[in-house]
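Enquirer: quick one, what's the 3D model for this:
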Amino acid sequence: PLPPARLRQGRQAVIHLRPSVWPTTVRTLRCCGARRVECVAYWTASIAEPDTIDEVIHGGHRSTAWSYELESDWLHHFLVGLHERRRSVRVQVHSHAGAAFHSRTDDRWPIVHEPGFLSLVVPNFAHGPVMADELFLAELTNAGWVARAPSTQFGDLPCHAE
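Expert: Numbers count the residues shown, from 1 in each chain. Next comes the predicted model:
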């Protein structure tokens, strides 16, 4: 589970990932980024079960080794589709070339601008063993982005396309 510090009635909420979410995310970041460009994916949940992540959506984007930009048509269709399916984006996940951190661009342009939204950055274009202590998890609060620590250690997951 990934624990955001988002409080719900005085207690910390915990986000649970369905078993396929993490391996699908890592494969997506690895295959799309191909060890040379950033990639982004979104973790979504049903509005009825907002703390259970059960879907990974690969964002339509253009990217470089240092940034990504969502395609506006893709973003529009994605957000309309979420509304129609009664789902929400809970976490944006993207890769960085080197160490994971939250850049100024990450701070300024999240897909969701509400307190409690999470942003997870994966280092090294998601190649090699991906360990929890190398990830960077940030939560958007009323005061801005705050670093959080993922509570789970993830193992190495190869991209099937390699």
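Enquirer: just checking: what are the partner strands of whichever strand or helix holds Ala138?
Expert: Under the criterion of DSSP states H and E, Ala138 resides in strand 136-141. Partners of strand 136-141 in the sheet, by DSSP bridges, are strand 118-122 (antiparallel), strand 144-148 (antiparallel).
Enquirer: can you tell me which of those strands is most buried?
Expert: Comparing these by mean neighbour count (mean count of other C-beta atoms under 10 Å), strand 118-122 ranks first with a mean of 23. From N, CA and C alone the C-beta is placed, and that goes for glycine too.
Enquirer: bridged to the residue nearest the centre of the chain, which residues?
Expert: Taking C-alpha atoms, centre = their mean as the criterion, Val93 is the residue nearest the geometric centre of the chain, at 1.9 Å. Val93 has these beta-bridge partners by DSSP bridges: Ala41, Leu120.
Enquirer: quick check: the gap between it and Pro115.
Expert: 19 Å (C-beta to C-beta, to the nearest Å).
Enquirer: which parts of stretch 92-112 are buried?
Expert: Across stretch 92-112, burial judged by 16 or more other C-beta atoms under 10 Å covers 92-96, 100, 102, 106, 110-112.
Enquirer: could you pull out the helices for this protein?
Expert: Counting by DSSP state H, the chain has helices at residues 21-33, 72-84, 104-108.
Enquirer: mind putting those into CSV with mean pLDDT?
Expert: Below are these laid out as CSV (pLDDT from 0 to 100):
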stretch, mean pLDDT
helix 21-33, 94
helix 72-84, 96
helix 104-108, 92
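Enquirer: which of the ones you listed sits closest to Pro129?
Expert: helix 21-33 (10.4 Å; C-beta to C-beta).
Enquirer: tell me the helices and strands packed up against that closest one.
Expert: For helix 21-33, the packing partners by 3 or more C-beta pairs under 8 Å, 6 or more residues apart in numbering; DSSP states H and E come out as strand 40-46, strand 55-58, strand 87-95.
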